[in-house]
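> Fold the following.
(2 chains)
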Amino acid sequence: KNEVEQSPQNLTAQEGEFITINCSYSVGISALHWLQQHPGGGIVSLFMLSSGKKKHGRLIATINIQEKHSSLHITASHPRDSAVYICAVSKGNKLVFGAGTILRVKS
Amino acid sequence: GAGVSQSPRYKVAKRGQDVALRCDPISGHVSLFWYQQALGQGPEFLTYFQNEAQLDKSGLPSDRFFAERPEGSVSTLKIQRTQQEDSAVYLCASSLRSPNTEAFFGQGTRLTVV
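Residues are numbered from 1 along each chain as shown, chains lettered A, B, ... in the order given. Below is the predicted model of the structure:
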């Protein structure tokens, strides 16, 4: 079993929809990261959080340490949000990544 | 530089050839990481440097993989006698201090072994 599990693997939404991507982890962590990766592109850090909730523009990330679960929400989704969203946890000296969620937002 | 820079962006190597992948981290960043990302999967840890010291190389898949960061800035990942299973995107990331601070990623090097 992977240490970091994401769901769904693939997600197609209509422009304007509210989107939720989930992440569960099974190890002790010091922080959780949400990252965005465009095809052929590098990875961009969206959030790093260890408790509670963070908001940046239309993006919201929450984490529940007791339940070892985090969610990434996108409000008023737009086609430019189409990308792979990756959850990763800080474990010791490294990041342990989930497999990613492929999001496609249709206009 | 403004961000983490990797070169080359793309590399095609014949099986058995040696390759060297370069990473220029953000100036002043202490921590540097290499990750391997196979097609359709999330990145997997290869190795970690704190300045010039390689503190963790537990993710290197075989002794054909070697990484160095001799002056605590630029790092090189070398793969000897490449095999087809080495085909992947190799990502470099740096962070200002400890591994638990925000990591900044390069664009990656896509290696294809034919």
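> roughly how far is stretch A:53-68 from the heart of the chain?
When distances are taken as CA atoms, centre = their mean, to the nearest Å, stretch A:53-68 is centred 9 Å away from the chain's centroid.
> What does the pLDDT read for A:Leu59?
On pLDDT, A:Leu59 comes in at 97.
> Could you list everything it pairs with in the sheet?
Note on A:Leu59: beta-bridge partners A:His56, A:Ile74, judged by DSSP bridges.
> A:Ser45 versus that one, what's the distance?
Separation of A:Leu59 from A:Ser45 (CB to CB, to the nearest Å): 12 Å. Every C-beta, even on glycine, is put in place using the N, C-alpha and C of the backbone.
> who touches stretch A:40-56?
When contacts are defined by CB atoms under 8 Å, 6 or more residues apart in numbering or on different chains, stretch A:40-56 is touched by residues A:30-37, A:59-63, A:65, A:70, A:72, A:85-86, B:4, B:43, B:91, B:93, B:101-108.
> Now, of those residues, which are buried?
Among these, those classed as buried by 16 or more other CB atoms under 10 Å in any protein chain shown are A:31-37, A:59-63, A:70, A:72, A:85-86, B:4, B:43, B:91, B:93, B:103-108.
> quick one: the helices in chain A?
For chain A, no helices turn up when DSSP state H is the criterion.
> Show me which residues of it sit near chain B.
Contacts of chain A with chain B, taken as CB under 8 Å from any CB of the partner chain, map to A:4, A:30-31, A:33, A:35, A:41-45, A:48, A:86, A:88, A:90, A:92-100.
> quick revisit: restricted to strands, list the contacts of stretch A:40-56.
Among those, the members found in strands (DSSP state E) are A:31-37, A:59-63, A:70, A:72, A:85-86, B:91, B:93, B:103-105.
> Please, where are all the helices along chain B?
Going by DSSP H, chain B shows no helices.
> Of all residues in it, which one is closest to chain A?
The minimum distance from chain B to chain A, using CB to the nearest CB, falls at B:Gly42 (3.5 Å).
> In its sheet, which strands sit next to the one helix or strand in chain A whose mean pLDDT sits lowest, and in what direction?
When the helices and strands of chain A are scored by mean pLDDT, DSSP states H and E, strand A:94-97 comes last with a mean of 90. Strand A:94-97 pairs in its sheet with strand A:83-91 (antiparallel), by DSSP bridges.
> who's the residue of chain A found nearest chain B bridged to?
Across chain A, the shortest distance to chain B (CB to the nearest CB) belongs to A:Phe97, at 3.5 Å. On the basis of DSSP bridges, A:Phe97 is bridged to A:Ala88.
> The residue of chain B closest to chain A reaches A:Ile86, doesn't it?
Yes. Contact criterion CB atoms under 8 Å: B:Gly42 and A:Ile86 qualify, at 5.8 Å.
> Overlap of the contact sets of these two?
With CB under 8 Å, 6+ apart as the test, B:Gly42 and A:Ile86 both reach A:Phe97, A:Gly98, A:Gly100.
> if you skip the residues just before and after it, what's nearest to the spatially most central residue of chain B?
Residue closest to the mean C-alpha point of chain B, counted by CA atoms, centre = their mean, is B:Trp34 at 3.4 Å. Spatial nearest neighbour of B:Trp34, excluding adjacent residues (CB to CB, 6 or more residues apart in numbering or on different chains): B:Leu46 at 4.2 Å.
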